[in-house]
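K.L.:
Got a predicted structure here, sequence first:
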Amino acid sequence: MNQNIVITGEGILCAIGLDKSEVLSSLREKRSGIGTMKYLKSSHRELPVGEVPLSNDDMRSLLKDGTLQSQLGLDDAALVNRTTLMGILAVRQALEDAQVDGNLMKEKPMRLVLISGTTVAGMDVTENLFHQLQQSDDALQCLKYHSAGSSTRMIADYFGIFTEYTTISTACSSAANALMLGARMLADGEADMVVAGGTEALSLFHLNGFNSLMILDHEPCRPFDATRAGLNLGEGAAFCVMETEAAATRRGVEPHAWLVGYGNACDAFHQTASSETGEGAYQAMTQALQMAGLKPEDIDYVNAHGTGTANNDMSESVALKRVFGEHMPMVSSTKSFTGHTTSASGSIESVISILALRHGFVPANLGWSQPMEGGIVPTKGKDSCELRYVVCNSFGFGGNDTSLVFGNESNERNESNERNGGEIRILSQVEITSEEELTEIRDYVKPLEARRMGKLMKSSLLSSLKALREAGITQPDAIITGTAYGCMENSEQLLIQLMNEGETMLKPTAFMQSTHNTIGSNIAIWLGCHGYNVTYTQENDSMKWALHDAECLLRSGRCKTVLVGCHDETTPLFRELMGRLGVNDLPAIHSRAMVLKIN
């Protein structure tokens, strides 16, 4: 990448502020937003959370219900879920901050791309109406706006200025991967401007899901502390306006920060736990530093993933020590301010990192008092200090680990932007369209292991392993997945259990395999593949975006082979409900995997 990528506008809503200035004040005053839940109607009042201090009605008022309905073509503004509402508010802030005039954009169109990271999407509305879906046609309408891709589509439709949009869902690294994709598209000349980030609302679904894993603290979280007892969930949205430095100069706007490096790797260890060696985190940080042309001693601050769980904080500490050794910079986790905002955390913490760079301070690691054995010692904060380069870490379920490097100045690099013009060949292609075909999984997987997998896990793994075998490839350089619905069977199981049994004794297995990127990470874990791993979930365009990313990776020279797949499942209940909406002939299972190689 030989074009400098800059951030020229940021928008943010989270537990510590409804815009940049409020967030900055909270960080400097060491004021946490974690407290008793107010808006999420959960029986688990004992669990502190980081809520955005606005009700859905408050947000609709800020956007004006009439405008919201007319822009999105809705009869009822209440169908717009909390994830989408926060996303619209954050994108609006970012565009205003970057001095982007929506009316002018419509008169003089440019290639403006929206990239959003989310997983929960419309779950907050769906879970509230789930018990009515089989009886009420009005309640059934929420399914049109439930998916992660539909949330991004609604945000784009609200503004009416985006020429393309897509959704990345890699759990807690989603928003960081959205920023990384934005930078790549700008560097490759595929966009004139990108608005990238993420948005995620609290829901009963994932509050109870995380609680089933027994990793939620009943007190404010204490990342990297010896007494840490888990994380506090949060919510929010943050988006950044990204463009090349040359484009910003032409527009006469000042860069707020430079995105000088990034890296993504898969830990390839476990669906919800990180490895003892922190391999994925180590590789992601190492890639980001190498791309930026920086040495460990050049980094002044690391905004750590730092969730407050025993596993993450130990694994991340090991990875940080492997990368920085004797040159350990100041490290803190700002999740003790915001809570863990899951899919939105990468962009929320990127905006916090940019605020630290611009205003010369390091946020505190709130709650820390006792060093953990073998762990890093985080900072309690520092005022009035010069920062040149900051690393921001985001690590997701399935070991999807991403690191971004932000600078307060351009960093000239010698990395070539030459594209490989060779032929991209499809070495193999495998398609599975019926459950009967899944018996072939026994040729690749032991019976006991196969029994633990749902049908989507079986079909995605089987099609991928068959495609790799036919291509003569043991391990691809990258795994890119598309899915419109994600792991529907497990998600439905959790919703049914919530409806029938309430918020008690949910099964952790179903939640562990409910995220969209469970599919791609399962393949990576099976293959031991630490390479680039990402999941697109943009409705019917999911495979299109997956193939687009694969081609860009191959042309960039970053890899020679890519495993690309599009995998979806539906349940009898979902097919019945969608049939009432006029959507018929949905397959119970459909997996398509192919191996691409560039000459």
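P.N.:
That came through fine. Numbering: from 1, shown residues only.
K.L.:
Going by C-alpha atoms from here, please, whenever you check contacts or count neighbours.
P.N.:
Noted.
K.L.:
Which residues lie in contact with the residue nearest the centre of the chain in this structure?
P.N.:
Centroid-nearest residue in the chain, with Cα atoms, centre = their mean: S174, separated by 1.1 Å. By Cα atoms under 8 Å, 6 or more residues apart in numbering, the contact list for S174 reads S116, G117, T118, I168, G198, S343, A344, G346, G396.
K.L.:
how far away is the spatially closest residue to it that is not a sequence neighbour from D101?
P.N.:
Using Cα to Cα, 6 or more residues apart in numbering and skipping the chain neighbours, the partner closest in space to S174 is G117 (4.5 Å). Look at G117 and D101: by Cα to Cα, to the nearest Å, they are 24 Å apart.
K.L.:
Out of the two, name the residue with the larger neighbour count.
P.N.:
Between G117 and D101, counting by other Cα atoms under 10 Å, G117 is the more crowded of the two (40 against 11).
K.L.:
That one touches G197, doesn't it?
P.N.:
Yes - here G117 reaches G197: they are 6.1 Å apart, a contact under Cα atoms under 8 Å.
K.L.:
Find residues that contact each of the two.
P.N.:
Joint contacts of G117 and G197 (Cα under 8 Å, 6+ apart) are A175, A176, A178, A344.
K.L.:
what are the phi and psi angles of the residue nearest to the last one when sequence neighbours are not counted?
P.N.:
Put plainly, it is A344. Residue nearest to A344 in three dimensions, not counting chain neighbours: G198, with 4.4 Å by Cα to Cα, 6+ apart. When read as degrees, to the nearest 10, the backbone of G198 gives phi -160, psi 160.
K.L.:
pretty sure G198 is touching E235, no?
P.N.:
No - using Cα under 8 Å, G198 makes no contact with E235, being 10.5 Å away.
K.L.:
The two - which one has more neighbours?
P.N.:
With neighbours defined as other Cα under 10 Å, G198 and E235 compare such that G198 has more, 40 against 28.
K.L.:
Who does that one form a beta bridge with?
P.N.:
G117, A238 (DSSP bridges).
K.L.:
Please report how far it lies from A292.
P.N.:
From G198 to A292 the distance is 24 Å (Cα to Cα).
K.L.:
for P508, same thing?
P.N.:
39 Å.
K.L.:
Comparing these two, which residue is more hemmed in?
P.N.:
Counted by other Cα under 10 Å, P508 and A292 do not tie: A292 has more neighbours, with 24 against 17.
K.L.:
any idea how far the host helix or strand of L24 is from the chain center?
P.N.:
Using DSSP states H and E, L24 sits in helix 20-28. Averaging C-alpha positions (Cα atoms, centre = their mean, to the nearest Å) puts helix 20-28 23 Å from its chain's average.
K.L.:
Equivalent analysis for stretch 427-445, please.
P.N.:
29 Å.
K.L.:
pLDDT below threshold where in the protein?
P.N.:
The model of the chain has pLDDT under 70 over residues 1-2, 65-66, 75, 106, 412-418.
K.L.:
Am I right that G346 falls within a helix?
P.N.:
Yes - counting by DSSP: H, G, I helix; E, B strand; the rest coil, G346 is located in a helix.
K.L.:
Next, count neighbours for the closest residue in space to it that isn't next to it in sequence.
P.N.:
Closest residue to G346 apart from its sequence neighbours, by Cα to Cα, 6+ apart: A176 at 4.4 Å. The number of residues packed near A176 is 36, by other Cα under 10 Å.
K.L.:
What of E423?
P.N.:
Counted by other Cα under 10 Å, the residues lying close to E423 total 11.
K.L.:
tell me which strands and helices the helix or strand hosting F324 is in contact with?
P.N.:
Using DSSP H and E, F324 falls within helix 310-324. Packing partners of helix 310-324 (3 or more Cα pairs under 8 Å, 6 or more residues apart in numbering; DSSP states H and E): helix 279-292.
K.L.:
Run through who's touching the helix it packs on.
P.N.:
260-268, 295-296, 316, 319-320, 322-323, 391, 393, 395, 399-405, 411, 413, 415, 530.
K.L.:
Which members of these are positioned in strands?
P.N.:
260-266, 391, 393, 395, 400-405 (DSSP state E).
K.L.:
buried ones in stretch 587-599?
P.N.:
Buried residues in stretch 587-599, counted by 16 or more other Cα atoms under 10 Å: A588, I589, H590, S591, R592, A593, M594, V595, L596, K597, I598.
K.L.:
could these be laid out in TSV, adding distance to G9 and secondary structure?
P.N.:
Listed next are the buried residues of stretch 587-599 as TSV, based on distance: Cα to Cα, whole Å; DSSP: H, G, I helix; E, B strand; the rest coil:
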residue	distance to G9	secondary structure
A588	43	coil
I589	42	strand
H590	40	strand
S591	39	strand
R592	39	strand
A593	38	strand
M594	38	strand
V595	38	strand
L596	37	strand
K597	38	strand
I598	37	strand
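K.L.:
Mind putting those residues into TSV with distance to Y536?
P.N.:
Below are the buried residues of stretch 587-599 laid out as TSV (distance: Cα to Cα, whole Å):
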residue	distance to Y536
A588	20
I589	18
H590	16
S591	15
R592	14
A593	14
M594	16
V595	17
L596	17
K597	20
I598	22
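K.L.:
picking that back up, what sits against the residue nearest to S174?
P.N.:
So G117 contacts 167-170, 174-178, 197-199, 343-344 (Cα under 8 Å, 6+ apart).
K.L.:
So which of the residues you listed are in strands?
P.N.:
Mapping the contacts of G117 onto strands (DSSP E) picks out T167, I168, G197, G198, T199.
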